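# the sequence isn't on hand, but the structure is:
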């Protein structure tokens, strides 16, 4: 049976951010921490070794595959900062048109730095992700374990 590698853990978000070598990336991580905390209303938790997630939900697909993930999050990686929002939300695509300099992957949005994007659109993307997941997985939303 497949086991998810990216699970919530008890590692310190603050220590992780402080360990970022690049000063600008570390400053961006602190800014993103504030924004995501404000917009989700959930405390930040580490997921895997380098992802910072907010809140969580349990999903179960028609195929039977199920697991837990965060509602929204980010990871200050060496090359770019990865932002994680709910895939499948139509509002996401519309908001990204006004977001600023970014690229996208299947589930990630990549930015070089926070100054490249519109912070108000970021806030809307976070809100849309949380709202979409609450509608898609009613009863599956939970605050990340304390």
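Everything's here; your move. These figures come from a predicted structure and were not determined experimentally. Residues are numbered from 1 along each chain as shown.
# which secondary structure element contains residue 34?
Residue 34 is part of helix 23-40 when elements are defined by DSSP states H and E.
# mind listing the strands for the chain?
All strands of the chain, identified by DSSP state E, fall at 8-9, 44-47, 51-54, 56-60, 66-69, 72-76, 81-84, 103-104, 108-111, 141-142.
# pick out the residue closest to the middle of this protein.
Taking Cα atoms, centre = their mean, the centroid of the chain lies closest to residue 73, which sits 1.5 Å from it.
# that one and residue 35 touch, don't they?
No - using Cβ atoms under 8 Å, residue 73 is not in contact with residue 35, being 11.5 Å away. The way it works is simple: take the backbone N, C-alpha and C, and place the C-beta from them, glycine included.
# still on that earlier bit, the strands of the chain into TSV, with extra columns for distance to residue 135?
Formatted as TSV, the strands of the chain follow (distance: least, Cβ to Cβ, whole Å):
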stretch	distance to residue 135
strand 8-9	22
strand 44-47	22
strand 51-54	17
strand 56-60	11
strand 66-69	16
strand 72-76	15
strand 81-84	18
strand 103-104	22
strand 108-111	21
strand 141-142	10
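# please tell me how far residue 133 sits from residue 54.
Between residue 133 and residue 54 the distance is 11 Å, computed by Cβ to Cβ, to the nearest Å.
# what's the overlap in contacts for the two?
Contact criterion Cβ atoms under 8 Å, 6 or more residues apart in numbering; residues shared by residue 133 and residue 54: residue 71.
# any low-confidence regions in the chain?
For the chain, the stretches flagged by pLDDT under 70 are 1-5, 143-146.
# who are the contact partners of the closest residue in space to residue 99 that isn't next to it in sequence?
If the residues on either side of it in the chain are set aside, residue 99 comes closest to residue 121, at 4.8 Å by Cβ to Cβ, 6 or more residues apart in numbering. Residue 121 sits next to 95, 98-100 when contact means Cβ under 8 Å, 6+ apart.
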